[in-house]
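J.: What follows is a predicted structure for the sequence shown.
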Amino acid sequence: MNVVASKNVGRPRDDAREAAILDATLAVLQDVGYDRLTIDAVAAKAQASKATVYRRWPNKAALVVDAMSRIKPTAQAGAEEACLFPDTGSLRGDLITGLRQLADKLSTDEGRLMCGVMTAQARDPELAAAMREGTEDKRRSCQTLVDRAIARGELDSTRGVTAFVEVVPAVMYHRLLIAGEPFDEQFISHVADDIALPLLGRPGVTP
């Protein structure tokens, strides 16, 4: 079962109603967390019926994943597809800027909400399956980062993309959830210079 694709064919889409439901989902998540979130609570918060929610999303996992997508970065009009790593003119600059923005996001209430949902995956197989769909966004961002670097002559292949996607987010979330230490500039530089750049095929790069 695809827990992400959820809209019924043939039913007119009500964007305002959908946005209200997704905003209500985030609000309920903030209040009670993923495990205690219910469709009833979301429907009540959005002043909608349960049937309205279920017409768009088959279960709680699909609803939460769609709601979480509302706090991801979006592309500006005329810009390239939304990317976690802004174009600064250099690979290291892109990495430092993107990692700093991710660190800033993780340090907010929204970031902590994202972490709470991520930890709930271990207890909810449907949520885990739905969240895995979102890794494609990260892969596209990393591919954009690498493609830029290749165009500049800073990299000669895309061979490090898979390892980058797997390792760098894990390091960032470990810092937040396990180590509990701040995302200071020394840490950001360490991730960029000692982890990300070598994974992408640029060992020994210095500022």
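T.: Yep, it's here.

J.: Tally up the residues packed near C83, please.
T.: Under the neighbour criterion other C-beta atoms under 10 Å, C83 is assigned a count of 20. Every residue, glycine included, has its C-beta placed from N, CA and C.

J.: same check, this time on the one 4 residues further on
T.: For D87, the count of nearby residues is 14 (other C-beta under 10 Å).

J.: Any figure for the gap between it and L95?
T.: D87 sits 12 Å away from L95, going by C-beta to C-beta, to the nearest Å.

J.: and if you look at F85?
T.: Note on F85: its distance to L95, by C-beta to C-beta, is 7 Å.

J.: what is in contact with the two at once?
T.: Where contact means C-beta atoms under 8 Å, 6 or more residues apart in numbering, the residues bridging F85 and L95 through contact with each are L145.

J.: And those two? Which one has more around it.
T.: Taking neighbours as other C-beta under 10 Å, F85 and L95 compare with L95 leading, 27 against 22.

J.: and the more buried one, how far is that from L102?
T.: Between L95 and L102 the computed distance is 10 Å (C-beta to C-beta).

J.: Same check on E110?
T.: 12 Å.

J.: Neighbour count for these two, which is higher?
T.: Just comparing E110 and L102: by other C-beta under 10 Å the higher neighbour count belongs to L102, 21 against 16.

J.: Surely that one touches V171?
T.: No. With contact defined as C-beta atoms under 8 Å, L102 does not count as touching V171 (10.7 Å).

J.: any idea which helix or strand carries L84?
T.: Counting by DSSP states H and E, L84 is held by no secondary-structure element, helix or strand.

J.: Isn't it up against L95?
T.: No. The pair L84 and L95 fails to qualify as a contact (C-beta under 8 Å) at a distance of 10.2 Å.

J.: so what's the nearest residue to Y54 once chain neighbours are set aside up against?
T.: Closest residue in space to Y54, ignoring its immediate chain neighbours: I39 at 7.1 Å, by C-beta to C-beta, 6 or more residues apart in numbering. If you count contacts by C-beta under 8 Å, 6+ apart, I39 has them with K50, V53, Y54, K60, L63.

J.: Tell me how many other residues surround the first one.
T.: This points to K50. One way to gauge burial is a neighbour count; for K50, by other C-beta under 10 Å, it gives 13.

J.: M118 versus that one, what's the distance?
T.: Distance, K50 to M118, using C-beta to C-beta: 26 Å.

J.: Distance of the residue nearest to E18 when sequence neighbours are not counted relative to H174?
T.: Across the structure, with C-beta to C-beta, 6+ apart as the measure, the residue nearest E18 apart from its sequence neighbours is R56 (6.3 Å). Here the criterion is C-beta to C-beta. By it, R56 lies 35 Å from H174.
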